[in-house]
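K.L.:
Sharing a model prediction with you, sequence too.
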Amino acid sequence: MGLRMIVTVKQVPDTHNVSGDAMKEDGTVNRAALPTIFNPEDLNALEEALKIKESTGGTVTCISMGPPNAVDVLKECLYRGADDVILISDRRFAGADTLATSYALKCAIEQVGEYDLILCGRQAIDGDTAQVGPQIAEKLNINQLTCVSAVTAIDEQSITAKRSVEDGYEIVKSRFPVLLTITATANEPRTANAKKVMTYKNIGKEICNTSYDESYMAAEACAVLNHVKEWNVETIGADPIQCGLSGSPTKVKKIQSVVLAGCESKQVTNTDAGVTDLVHELIKENIIG
Amino acid sequence: MDSKKNVMVFIESRSGKIAEVSLELLSAAGRLAQELGGSVEAVAIGHNLAEELKILGHYGCQRVYYTDDERLTHFTSIPYAKTVVKIIKQCQPGIVLFGATTMGRDVAPRVASALKCGLTADCTDLQIGEHKIKDVTYKNTLMQIRPAFGGNIVATIVSPESVPSMATVREGVMKMIAPDTGKTAEIIQETCLLDDDDFLTEVLEVIREEKQVNLKAAQVIVSAGMGAVDPEAIALAKNLAKLLGGELGCSRPVVDSGVLDKDHQVGQTGITVRPNLYIACGISGQIQHRAGMSEAKRIIAINKDPLAPIFGLAHYGIVGDVKDVLGKMIKAYKTKS
Ligand SMILES: Cc1cc2nc3c(=O)[nH]c(=O)nc-3n(C[C@H](O)[C@H](O)[C@H](O)COP(=O)(O)OP(=O)(O)OC[C@H]3O[C@@H](n4cnc5c(N)ncnc54)[C@H](O)[C@@H]3O)c2cc1C
Ligand SMILES: Nc1ncnc2c1ncn2[C@@H]1O[C@H](COP(=O)(O)O)[C@@H](O)[C@H]1O
């Protein structure tokens, strides 16, 4: 058959390993001190696409919107077996909230053309919003299955998946085209393939150092362009007003460091007597029965 | 009356029962609506829910816009999102709240995208305030307060230029008010205008798994952290929890390492609890854990590191080895008189 798949991947600051110097004195984030990583659940989305490609055939196109450095995650996609990667990069995309992000990604996906299946991570760890996937689906006017913890069946017309919900799970089926958001439990992402790393590791450097201009287009012959496409607002046919900050209804009003409320604390000595007194006090005050 | 002053809540039901998070949101909506001088409304979707919906009134809801259709028995994205969009367009509330559940997080972004309005995920606090953009002052704006960057900072988000302001809130974060059975909500039946073409998801199977623990309802929680993961320590913590008629909780890495199920996890990405007593065993007290337990009436911290941050918020601190201290507590409780 050959499913046409698109995976959206994001480069994110590693918020799960925030070290002391990642926070400035005034409580704002020192982005420079945070290493960037491949958003974890996007690796699961990519893995699911690659597995489908291996079992039923098809193509996997990865798209990322971000600064030029985001080419790193796209290279990681190539190392794992993606066929095509596209970087959506333009200053005018900066400051995008989820609505403006999903708008830009929707325009890029339409530019790619025909597709059967779009896979996103459930959420990105920088914002933990889980909004971009469903918003892309809405903008493309296609169906969505979120929080997918396993793909259980796939055929030429449809996909069946397990969705993990609060009080159990459900098995749902949708015809193509459909967008899935994939959770960390869906699979074990593969690591980079050494041979592919050799093939691709030097590409993209040029992308990072070259802005998108005519001279760059002249370098068509180089391997870079065969593998990393860089698109801007015009290439994807987007309305600049709906992109970036101007296309974002949500504004950050203020950012504060977390104030930890302290309290009157009583030191209890770690002895039989100390602990017994504590237990008695709690019983007396009806905290425990 | 100005509909922008009204606060609307998306009512979630599972297996024909109203989700607790919806009642918590109605409680929060009541507070916001009072400040705005508006009313509390709800959008409910499902099949044969009319009887269940009556309790919404007890939590301060004044009007319920209810769409009943057999095809809406189970949640699916497009039909639910389209129905919510239709009701929002019709009623034009200023604020719409959703639970940050798998359902709320599925439907809310779709609705926000269709209405091109702002949506803030996982708010931990909601307030009414003012916001200025250039020369324009927006009064009665929803301040959407949420942790950012893994919980290391708190951001206040506003979206005054687009209406409504929408937010999702996790279960347990907003306090539920005491129900007033004397109050009733007007239930307004809405016709379902969906086509069969809107129903693109086929629900093949729905498996309900009973939760193993109900942390939210527990009055006492004995919680195990990475300092209490070995089987002996877990057994002691469980034992104490049982003795005190409570439940066993834990920190996230304990879940990540596969020792306990996700249902036990307390914190920002777990469950928010407000028990009478919280005993933190071998928990360092990182921000993300505190977010879920700092409102416990009493907190006991057991940690071998006297400098562990958890001692900063504990009412009682015991420096020592978890197993040793838990052993002593069990003994002391068993011999109480
Ligand atoms: C976006 C995000 C969301 C998160 N959400 C949550 C969440 O919901 N809930 C949550 O809990 N965490 C959450 N975390 C993780 C959180 O940041 C911490 O990593 C976690 O709470 C630490 O767990 P811990 O205290 O059990 O482990 P540690 O930090 O490893 O602390 C172990 C403690 O045990 C003590 N100890 C060790 N041995 C003993 C012993 N024998 N006797 C006594 N004390 C001992 C040590 O002194 C130490 O203080 C989140 C993180 C991120 C980035
Ligand atoms: N800038 C981006 N570029 C590509 N994909 C993105 C971007 N932002 C979000 N996504 C996708 O949307 C998912 C959810 O993101 P979020 O709504 O930010 O939690 C991610 O896991 C990605 O798959």
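P.N.:
Received it, and whenever you're ready, just let me know what you need. Predicted model, so just to flag it, every value in this text is computed and none were measured. Ligands and ions are numbered 1, 2, ... in the order given.
K.L.:
the helices in the stretch 51-200 of chain B, which residues?
P.N.:
For the stretch 51-200 of chain B, the helices defined by DSSP state H, counting those that start in this stretch cover B:55-58, B:77-91, B:104-115.
K.L.:
Show the average pLDDT along the longest strand seen in chain B.
P.N.:
Across chain B, the longest stretch assigned as strand under DSSP state E is strand B:136-148. What strand B:136-148 shows for mean pLDDT is 94.
K.L.:
what do you get for stretch A:61-78?
P.N.:
Rounded mean pLDDT across stretch A:61-78 is 94.
K.L.:
try stretch A:126-136
P.N.:
For stretch A:126-136, the mean pLDDT works out to 93.
K.L.:
quick one: is it near chain B?
P.N.:
Yes. Stretch A:126-136 reaches chain B (CB under 8 Å from any CB of the partner chain) through A:126, A:127, A:128, A:129, A:130, A:131, A:132, A:133, A:134, A:135. For every residue, glycine as well, the C-beta is placed using N, CA and C.
K.L.:
Which one (most neighbours) among these?
P.N.:
Counting neighbours by other CB atoms under 10 Å in any protein chain shown, residue A:133 leads the residues of stretch A:126-136 next to chain B with 33 neighbours.
K.L.:
can you confirm it is in a helix?
P.N.:
Yes. Assessed by DSSP: H, G, I helix; E, B strand; the rest coil, residue A:133 belongs to a helix.
K.L.:
circling back: out of the residues of stretch A:126-136 next to chain B, which two are the most distant from each other?
P.N.:
Using CB to CB, these span at most 17.7 Å, a distance reached by A:126 and A:134.
K.L.:
Tell me the helix or strand right after the longest helix anywhere in chain B.
P.N.:
Criterion DSSP state H: the longest helix present in chain B is helix B:20-36. Next helix or strand after helix B:20-36 toward the C-terminus (DSSP states H and E): strand B:40-46.
K.L.:
got the buried residues for that following strand?
P.N.:
Under the neighbour-count criterion of 16 or more other CB atoms under 10 Å in any protein chain shown, strand B:40-46 has B:40, B:41, B:42, B:43, B:44, B:45, B:46 buried.
K.L.:
Could you do stretch B:242-255 as well?
P.N.:
Within stretch B:242-255, the residues scored as buried using 16+ other CB under 10 Å are B:244, B:246, B:247, B:248, B:249, B:250, B:251, B:252, B:253, B:254, B:255.
K.L.:
Bridged to the third one, which residues?
P.N.:
Residues found in beta-bridge contact with residue B:247 (criterion: DSSP bridges) are residue B:221.
K.L.:
Pretty sure residue B:237 is one of the things it touches, is it not?
P.N.:
No. Taking contacts as CB atoms under 8 Å, residue B:247 lies outside contact range of residue B:237: 10.4 Å.
K.L.:
Now the common contact residues for these two.
P.N.:
Residues touching both residue B:247 and residue B:237 (CB atoms under 8 Å, 6 or more residues apart in numbering or on different chains) are residue B:222.
K.L.:
Phi, psi for whatever residue of the stretch 1-150 of chain A ends up closest to chain B please.
P.N.:
With CB to the nearest CB, the shortest gap between the stretch 1-150 of chain A and chain B falls at residue A:15, namely 3.4 Å. Main-chain torsions, residue A:15, degrees, to the nearest 10: phi -70, psi -10.
K.L.:
Near the residue nearest to it when sequence neighbours are not counted, how many other residues are there?
P.N.:
Spatially, and ignoring its direct neighbours in sequence, residue A:15 is nearest to residue B:150 (3.4 Å; CB to CB, 6 or more residues apart in numbering or on different chains). Residues lying near residue B:150 (other CB under 10 Å) number 23.
K.L.:
Tell me the confidence at residue A:218?
P.N.:
We note a pLDDT of 40 for residue A:218 in this prediction.
K.L.:
how about residue A:130, what does it touch?
P.N.:
By CB under 8 Å, 6+ apart, the neighbours of residue A:130 are A:122, A:123, A:146, A:181, B:105, B:109, B:121.
K.L.:
rerun that using 6 Å as the cut-off
P.N.:
A:122, A:123, B:105 (CB atoms under 6 Å, 6 or more residues apart in numbering or on different chains).
K.L.:
So for the first one, what's the pLDDT?
P.N.:
Here, the pLDDT recorded for residue A:122 equals 97.
K.L.:
Check the last one too.
P.N.:
Residue-level confidence at residue B:105 comes out at 97, pLDDT.
K.L.:
what's the nearest residue to it if we skip its chain neighbours?
P.N.:
Distance criterion CB to CB, 6+ apart; nearest residue to residue B:105, sequence neighbours excluded, is residue A:130 at 5.1 Å.
K.L.:
Establish whether the longest helix along chain A and ligand 2 are in contact.
P.N.:
As assigned by DSSP H, the longest helix anywhere in chain A is helix A:40-56. Yes. Counting by CB under 6 Å from any ligand atom, ligand 2 is contacted by helix A:40-56 at A:41, A:42, A:45.
K.L.:
Within the sheet, what are the partner strands of the following helix or strand past that helix, with directions?
P.N.:
Counting by DSSP H and E, the element after helix A:40-56 in chain order, helix or strand, is strand A:58-65. Looking at strand A:58-65 with DSSP bridges, its partner strands are strand A:3-8 (parallel), strand A:84-88 (parallel).
K.L.:
what residues does the shortest one touch?
P.N.:
Strand A:84-88 is touched from outside by A:61-65, A:71, A:74, A:77-78, A:104, A:108, A:228-231, with contacts defined as CB under 6 Å, 6+ apart.
K.L.:
Please apply the same query to the longest one.
P.N.:
Defining contact as CB under 6 Å, 6+ apart, one finds that strand A:3-8 is touched by A:45-46, A:49, A:58-63, A:105, A:109, A:114-120.
K.L.:
could you flag which of those are buried?
P.N.:
Among the contacts of strand A:3-8, the ones that count as buried by 16+ other CB under 10 Å are A:45-46, A:49, A:58-63, A:105, A:109, A:115-120.
K.L.:
How about residue A:126: what's its closest non-neighbour residue?
P.N.:
Spatially, and ignoring its direct neighbours in sequence, residue A:126 is nearest to residue A:12 (4.4 Å; CB to CB, 6+ apart).
K.L.:
Residue A:289 now?
P.N.:
residue B:245 (6.6 Å).
K.L.:
One more: residue A:101?
P.N.:
Once flanking residues are discounted, residue A:101 sits nearest to residue A:132: 5.4 Å by CB to CB, 6+ apart.
K.L.:
Since that was my last question, I'll sign off now.
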